[in-house]
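Asks: Here is a sequence together with a model predicted from it:
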Amino acid sequence: MSMATSTLTKPVFTSSSSSSISKPTSKTPLVSFYTNNPTILSLSNKKRSFVVNNVLKTVNPTQTNDVLGGSSISKDVGTLVSKPTILVSEKLGEAGLQVLRSYGNVECIYDLSQQDLCTKISTCDALIVRSGTKVTREVFEAGKGRLKVVGRAGVGIDNVDLQAATQFGCLVVNAPTANTIAAAEHGIALLAAMARNISQADASMKSGKWQRNKYVGVSMVGKTLAVMGFGKVGSEVARRAKGLGMNVIAHDPYAPADRARAIGVELVSFDQAISTADFISLHMPLTPTTNKILNDDTFAKMKKGVRIVNVARGGVIDEDALVKALDSGIVAQAALDVFTEEPPSKDSKLVQHENVTVTPHLGASTKEAQEGVAIEIAEAVVGALNGELSATAVNAPMVAPEVLSELAPYVLLAEKLGRLAVQLVCGGSGIKSVKVVYRSARDPDDLDTRLLRAMITKGIIEPISNSIINLVNADFTAKQKGISISEERVVVDSSPEQPVDSIQVQISNVESKFASAVSESGQISIEGKVKYGVPHLTCVGSFGVDVSLEGNLILCRQLDQPGMIGHVGNILGEENVNVSFMSVGRTSLRKKAIMAIGVDEEPNKEALDKIGAVPAIEEFVFLKL
């Protein structure tokens, strides 16, 4: 289905959003870090604080005197200032160090204690870490506003306190792409080593044995490999597996079907993938949705004798459940590079299991990948020190207080609408096209929707992805995942005091878990407003409702007849689920109706089964907010 267009529709992948509040007055970069601004080193504590709190706002560094309230410090003393200091606390490839040295003073100091790091950081403008250094709130506090960017040489940022970084005006960047091929190659290496018992046979021979009959393997050609997570690494694994003669299927709610077809891969549902595969290769992020996604229930759905490879995140597998599946023969073998706890305990039943091949998180450990990561993170850090917004930034820049104050309730509404919309999607070829319609009395040039768009993107992508979405990287991440987001602004007769009258989110070319959420034009469509400062859901598909977006939500399509509210309310009450809001919207008297029920707790399976068994209820869905 082609997306409707109008003269007001703006593609998301441009930088044309503007407002009278946030529009730059010069060609200054959107973010200014005052890299060579001499005033930072000599200001009083009070004035230094001013610069720190505004370090991510639009300011022309040549106008420092004006910004600082008429300070008499000369603008021409830049020649007295040394280059920025960059602290590298863990080993980094030489190629990356060369990039850094060409720009600033680089200090490589490894194995710093937390106390030593806090002491040292006050003299540094940038910090580069891997996974071993914990960049805590104490580190940012000790930076005293001078620390402008933290670079994580790798993908995961669990060791960096993002909230503290943003609070102290410090940008955090990572290097998510350079180790793609290395991780894919390691996945294939584990796949082959597992199938042919390489590590077990090697250990046997080194102990003086010759056990040809014991280590008979299985062939990979003609077997079905399920790639769970079809992002960069997953797709590269699929390419290589196809070259080995394997039949490759994949599951990923975001993967475009055309990209999968180009590789010769069929996108299937999660249950179909795990139930038909001979081999399963995991490449999904660790999120609340994927945490222990392979568990007793999912192992029970697999083919007996399935083989599993994990080079993604340890937490996606319930390790106790995997041991049981190995002992019972449901899982014949497993090859693991990652674990829930790293390093795992020496007496780990999983690590010691004779049918398990293990490596110590070596997915990115090739010379080429390490050099690539070093260059990628070095360039991101240098760019940040130059005041550029890196596409790999993982925390948001500060928003002008007046803009944030006005948009605050709409920011929450936008994220919740995105979160609701993605939960309504079921099947299809993945989310490709999202349209956001803003209804407002304001002139389009007086409404900066970048933050709202970013929060809708955040709501759609974050629940089933490890991507951290914010104003910096929302457009980039959406484009990277193949999602086109367009905006349309409709002028309505409402109060211009309110920046937005309503926000509507439409998702095209997908199936819905809740058929009533599909509008007459064939799109999943939900709409919301802010009422009394609280986000409300006001429309689902063609049905008008009015329910506060707090807690969780149950949507029911039913026959419009007396007693339905009481019936469902009694079921929830019997299961000790508190109803916070309830609203019914209908097309006409005694025809079809939608009941939207806000609940404080998540109903158990029994409660939901009872609701679904009510004869007058034709469909229902439970949604987490």
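Replies: Yep, that arrived. Numbering: from 1, shown residues only.

Asks: how about the nearest residue to the residue nearest the centre of the chain, chain neighbours excluded?
Replies: With distances taken as C-alpha atoms, centre = their mean, Ser467 lies nearest the centre of the chain, 2.1 Å away. Distances taken as C-beta to C-beta, 6 or more residues apart in numbering put Thr477 closest to Ser467, at 5.0 Å, once the chain neighbours are dropped. For glycine as for every other residue, the C-beta is placed from the backbone atoms N, C-alpha and C.

Asks: follow-up on the earlier one: tell me who's in contact with the residue nearest to the centre of the chain.
Replies: Under the criterion of C-beta atoms under 8 Å, 6 or more residues apart in numbering, the neighbours of Ser467 are Pro285, Ile461, Asn473, Thr477, Lys481.

Asks: Confidence-wise, which of the residues you listed comes last?
Replies: When those are compared by pLDDT, Asn473 scores lowest at 76.

Asks: I figured Lys83 was touching Glu107, is that so?
Replies: No - counting by C-beta atoms under 8 Å, Lys83 does not reach Glu107; the two are 11.8 Å apart.

Asks: Pull the number of nearby residues for the nearest residue in space to Glu520 that is not next to it in sequence.
Replies: Spatial nearest neighbour of Glu520, chain neighbours left out: Ser542 (6.1 Å); criterion: C-beta to C-beta, 6+ apart. Applying other C-beta atoms under 10 Å, we find 16 other residues in the vicinity of Ser542.

Asks: cool, and Glu90?
Replies: Neighbours of Glu90 (other C-beta under 10 Å): 17.

Asks: If we ignore the residues flanking it in sequence, what's nearest it?
Replies: Here the residue nearest Glu90, using C-beta to C-beta, 6+ apart, is Arg130, at 4.1 Å.

Asks: how close does the one you found sit to Ile121?
Replies: 16 Å (C-beta to C-beta, to the nearest Å).

Asks: So between these two, which is more surrounded?
Replies: More neighbours surround Ile121 than the other of Arg130 and Ile121, with 25 against 19 (other C-beta under 10 Å).

Asks: Can you name the residues that contact the more buried one?
Replies: Applying C-beta under 8 Å, 6+ apart, the residues near Ile121 are Leu87, Leu127, Val139, Ala142, Gly143, Leu147.

Asks: for Gly229, same thing?
Replies: His251, Asp252, Leu282, His283, Met284, Pro285, Ala312.

Asks: Not counting sequence-adjacent ones, nearest residue to the last one?
Replies: This points to Ala312. Per C-beta to C-beta, 6+ apart, closest to Ala312 is Leu282, 4.6 Å.

Asks: who's that neighbour bridged to?
Replies: Met228, Asn310 (DSSP bridges).

Asks: Test my guess that it contacts Gly315.
Replies: No - applying C-beta under 8 Å as the test, Leu282 and Gly315 come out as separate, 10.8 Å apart.

Asks: Relative to Val248, how far out is Lys206?
Replies: The value you get for Lys206 to Val248, if C-beta to C-beta is used, is 34 Å.

Asks: Have a look at the two and say which one is more surrounded.
Replies: Val248 (27 against 8).

Asks: close enough to count as contact, the more buried one and Gly264?
Replies: Yes - contact between Val248 and Gly264 holds when scored by C-beta under 8 Å: they sit 7.0 Å apart.

Asks: shared neighbours, these two?
Replies: With C-beta under 8 Å, 6+ apart as the test, Val248 and Gly264 both reach Lys242.

Asks: element containing the closest residue to Gly363 other than its chain neighbours, please.
Replies: In space, and not counting its chain neighbours, Gly363 is closest to Ala183: 4.1 Å by C-beta to C-beta, 6+ apart. Element membership of Ala183 [criterion: DSSP states H and E] is helix 180-195.

Asks: So what's the gap between that helix and the chain middle?
Replies: 25 Å (C-alpha atoms, centre = their mean, to the nearest Å).

Asks: hang on, the earlier thing: which phi and psi does the residue nearest to Glu90 have?
Replies: When read as degrees, to the nearest 10, the backbone of Arg130 gives phi -110, psi -130.

Asks: tell me the contacts of it?
Replies: Counted by C-beta under 8 Å, 6+ apart, Arg130 has contacts Glu90, Lys91, Leu92, Arg152, Ala153, Gly154.

Asks: just Ser275 next, same as before
Replies: Ser275 touches Lys301, Met302, Lys303, counting by C-beta under 8 Å, 6+ apart.

Asks: please redo it, this time with the cut-off set to 6 Å
Replies: Lys301 (C-beta atoms under 6 Å, 6 or more residues apart in numbering).

Asks: what about it, which SS state?
Replies: Using DSSP: H, G, I helix; E, B strand; the rest coil, the structure places Ser275 in helix.

Asks: circling back to that earlier point, could you turn the buried ones of the contacts of Ser467 into a PyMOL selection?
Replies: Applying 16 or more other C-beta atoms under 10 Å to the contacts of Ser467, the buried members can be selected in PyMOL as follows:
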select buried, resi 285+461+473+477+481
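
Asks: The contacts of Ser467 in helices, which ones?
Replies: Using DSSP state H, the members of those that fall within helices are Ile461, Thr477.

Asks: Identify the farthest-apart pair in the contacts of Ser467.
Replies: Greatest spacing in those, by C-beta to C-beta: Pro285 and Asn473 (15.1 Å).

Asks: so how far does stretch 301-319 reach from one end to the other?
Replies: From its first residue to its last, stretch 301-319 covers 17 Å (C-alpha to C-alpha, to the nearest Å).

Asks: mind listing what's buried in that stretch?
Replies: Applying 16+ other C-beta under 10 Å to stretch 301-319 flags 302-303, 306-319 as buried.

Asks: do the same with stretch 276-289
Replies: Ala277, Asp278, Phe279, Ile280, Ser281, Leu282, His283, Met284, Pro285, Leu286, Thr287.

Asks: Tell me the one of the residues you listed nearest Pro603?
Replies: Relative to Pro603, the closest of those is Thr287; by C-beta to C-beta it sits at 22.3 Å.

Asks: Can you check the pLDDT for the nearest residue to the closest one once chain neighbours are set aside?
Replies: Nearest residue to Thr287 in three dimensions, chain neighbours excluded: Asn466, at 5.9 Å (C-beta to C-beta, 6+ apart). You'll see Asn466 listed with a pLDDT of 72.

Asks: hmm, back to that, assign a three-state SS to the residue nearest to the centre of the chain, would you?
Replies: coil.

Asks: try Gln498
Replies: From three-state DSSP, the assignment for Gln498 is coil.

Asks: and it, backbone torsions?
Replies: Dihedral angles (degrees, to the nearest 10) for Gln498: phi -90, psi 130.

Asks: Number of residues surrounding it?
Replies: 16.

Asks: where's it relative to Leu417, distance?
Replies: Distance from Gln498 to Leu417, by C-beta to C-beta: 17 Å.

Asks: what do you get for Lys605?
Replies: On the measure of C-beta to C-beta, Lys605 and Leu417 end up 27 Å apart.

Asks: When these two are compared, which one has more neighbours?
Replies: Ranked by neighbour count (other C-beta under 10 Å), Lys605 and Leu417 place Leu417 first, with 25 against 7.

Asks: ok so the more buried one is a strand residue?
Replies: No - applying three-state DSSP, one finds Leu417 to be helix, outside a strand.

Asks: List the contacts of it.
Replies: Val505, Ile526, Gly528.

Asks: would you turn the residues you listed into CSV with pLDDT?
Replies: Below are the contacts of Leu417 laid out as CSV (pLDDT from 0 to 100):
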residue, pLDDT
Val505, 97
Ile526, 96
Gly528, 96
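
Asks: Just to be sure, which of those residues are found in strands?
Replies: Val505, Ile526, Gly528 (DSSP state E).

Asks: Kindly state the beta-bridge partners for the first one.
Replies: Read it as Val505. With DSSP bridges as the rule, Val505 is bridged to Val436, Ile526.

Asks: Could you tell me how far the residue nearest to Glu90 is located from Gly187?
Replies: 21 Å.

Asks: try Leu267
Replies: Distance from Leu267 to Gly187, counting by C-beta to C-beta: 19 Å.
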